[in-house]
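Give me the fold of what follows.
(one chain, ligands or ions: 1)
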Amino acid sequence: MTTDNHSKEIAPLSDPGIPEHVHRRTDTDPKAAKKAERQVAILFSISAIGTILFVYSYTFMSGDIFVFLPVMGSTNAKQLFLGLGMAISLFFIGLGAVHWAKMLMPDNEIIAHRHEFRSEESDREDFVKTVKAGAEAAGLGRRSLIKRSLGAALGLVGLTPLLLLRDLGPLPKDDFTKTSWKAGTRLVTDPGNRPIKPSDLEVGAVAQVLPELQPGELRKLENIGKDAVLLIRIRPEEFQLDAERLSWTHEGIIAFSKICSHMGCAVALYEQQTKHLLCPCHQSTFDVTRAAKVIFGPSARPLPQLALMIDADGYLVAKQPFTEPVGPSFWERDSA
Ligand code: FES
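Numbering: from 1, shown residues only. Purely as a prediction, here's the structure:
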């Protein structure tokens, strides 16, 4: 079987050019033009009637008259005619203008060729000469004192907007990297503010906790956003942790920041069977048995783990502050 390649070649399209200009009847027939003129005048006149209706309804109609309309039911006549008058006046003025443009306004086809935006070489040279002559006349070259003081003044003026940055509020200092957790801070239930003993949590249980407040201290909203911690209890033999991280747990109880390390949502779902924590926002999934290692989703790092121990009264407390910033990864500088 032979293939005829030539028959498959596509013939290049020729430039169709601009279609021949077709004159409108109103361009060639004075009677048609006169008729179009009358049509436009009628449309504008209907618009004028609409305006008169609007003014009349506004000025003379009582607001107490109601008329019955099939779909709308009982309708205030004044409001109805105000609306109708305005609609007629605007609609027909637009229609008249469009009809006028299509039938009677000049119908010449004009080709505007593109041109270069760059100025002529001679204009550019003239401009440079004018600037130089102006600088010369102002004595900028000769009067170096003025030149330097002007430079300093302009530079300082440029610095002033930087001062306005102070108005954005106090500097955040270490607010982004530190939480309220300190060594010895008790974990309290949220809600409830009750200290927790290990025996309060059964295996498989999960609880949200916050740092205990000092007497007279108030809980600030921005701190809750950083301090929220999830407390989870599993069987100790299920942990797959290195010695240090294992020492941060207590009798199978492990604590993680509740703030997702992807974009800061609350990691609020715990699957008891698989021991997975799930962030509902973008489905990042963290393995509780492996120090909240990311096993699925967009998050780039594990949830920070809070080291736990018990105090002299048997309550769960933080062994130390978080060792890394909580929340989205972009605040975090040192760890991978
Ligand atoms: S904020 Fe948690 S996965 Fe995006």
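
Check the stretch 51-200 of the chain for the residue nearest the ligand and tell me.
Closest residue of the stretch 51-200 of the chain to the ligand, Cβ to the nearest ligand atom: residue 176 (16.6 Å). Where C-beta positions appear, they are placed from N, C-alpha and C, glycine not excepted.

all helices for the stretch 151-300 of the chain, in order.
Assigned by DSSP state H, counting those that start in this stretch, the stretch 151-300 of the chain shows helices spanning 221-227, 243-247.

Point out the most buried one among these.
A comparison of the helices of the stretch 151-300 of the chain by mean neighbour count, using mean count of other Cβ atoms under 10 Å, puts helix 221-227 on top with a mean of 15.

re earlier: nearest to the ligand, out of the helices of the stretch 151-300 of the chain?
helix 221-227 (13.3 Å).

Does the closest one pack against any helices or strands, and if so which?
strand 206-211 (3 or more Cβ pairs under 8 Å, 6 or more residues apart in numbering; DSSP states H and E).

on that earlier part again, weakest of the helices of the stretch 151-300 of the chain by average pLDDT?
Ranked by mean pLDDT, the helices of the stretch 151-300 of the chain end with helix 221-227 at the bottom, a mean of 86.

ok, and does that helix reach over to the ligand?
No - on the criterion Cβ under 6 Å from any ligand atom, helix 221-227 is out of touch with the ligand, staying 13.3 Å away.

Can you tell me what sits against that helix?
Helix 221-227 is contacted by residues 175, 179, 180, 181, 190, 210, 211, 259, 326, 327 when judged by Cβ atoms under 8 Å, 6 or more residues apart in numbering.

Would you mind naming what in the chain lies close to the ligand?
260, 262, 263, 265, 279, 281, 282, 284, 297, 298, 299.

which of those tops the neighbour count?
Of all these, residue 260 has the most neighbours under the rule other Cβ atoms under 10 Å, reaching 27 neighbours.

looking at it, it is touching residue 280, isn't it?
No - with contacts counted by Cβ atoms under 8 Å, residue 260 stays clear of residue 280, the gap being 9.2 Å.

Could you save the residues of the chain next to the ligand as JSON lines and add columns showing pLDDT?
Below are the residues of the chain next to the ligand laid out as JSON lines (pLDDT from 0 to 100):
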{"residue": "260", "pLDDT": "94"}
{"residue": "262", "pLDDT": "90"}
{"residue": "263", "pLDDT": "89"}
{"residue": "265", "pLDDT": "92"}
{"residue": "279", "pLDDT": "94"}
{"residue": "281", "pLDDT": "93"}
{"residue": "282", "pLDDT": "92"}
{"residue": "284", "pLDDT": "93"}
{"residue": "297", "pLDDT": "87"}
{"residue": "298", "pLDDT": "89"}
{"residue": "299", "pLDDT": "90"}
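
which among the residues you listed gets closest to residue 309?
residue 260 (25.9 Å; Cβ to Cβ).

Confirm residue 71 sits in a helix?
No - counting by DSSP: H, G, I helix; E, B strand; the rest coil, residue 71 is not found in a helix; it is coil.

Tell me the buried residues in the host helix or strand of residue 90?
Residue 90 belongs to helix 77-103 when elements are defined using DSSP states H and E. Neighbour-count burial for helix 77-103, counted by 16 or more other Cβ atoms under 10 Å, picks out 78, 80-82, 85-86, 88-89, 92-93, 95-96, 99-100, 103.

Please name the bridge partners of residue 316.
residue 310 (DSSP bridges).

And the pLDDT at residue 198?
Taking residue 198 on its own, its pLDDT is 92.

ugh, wrong one, residue 331
So residue 331 comes in at 57 (pLDDT).

now residue 293
Predicted confidence (pLDDT) for residue 293: 92.

likewise residue 206?
92.

Kindly report the same for residue 165.
At residue 165, the model reports a pLDDT of 76.

returning to what we had before: is the residue of the stretch 51-200 of the chain closest to the ligand in contact with residue 326, as I believe?
No - the pair residue 176 / residue 326 is not scored as a contact, 9.5 Å apart, by Cβ under 8 Å.

For the two, indicate the residue with more neighbours.
residue 326 (27 against 14).

give me every residue that touches the residue nearest to residue 283 when sequence neighbours are not counted.
In space, and not counting its chain neighbours, residue 283 is closest to residue 297: 4.8 Å by Cβ to Cβ, 6 or more residues apart in numbering. The contact partners of residue 297, by Cβ under 8 Å, 6+ apart, come to 262, 279, 282, 283, 284, 285.
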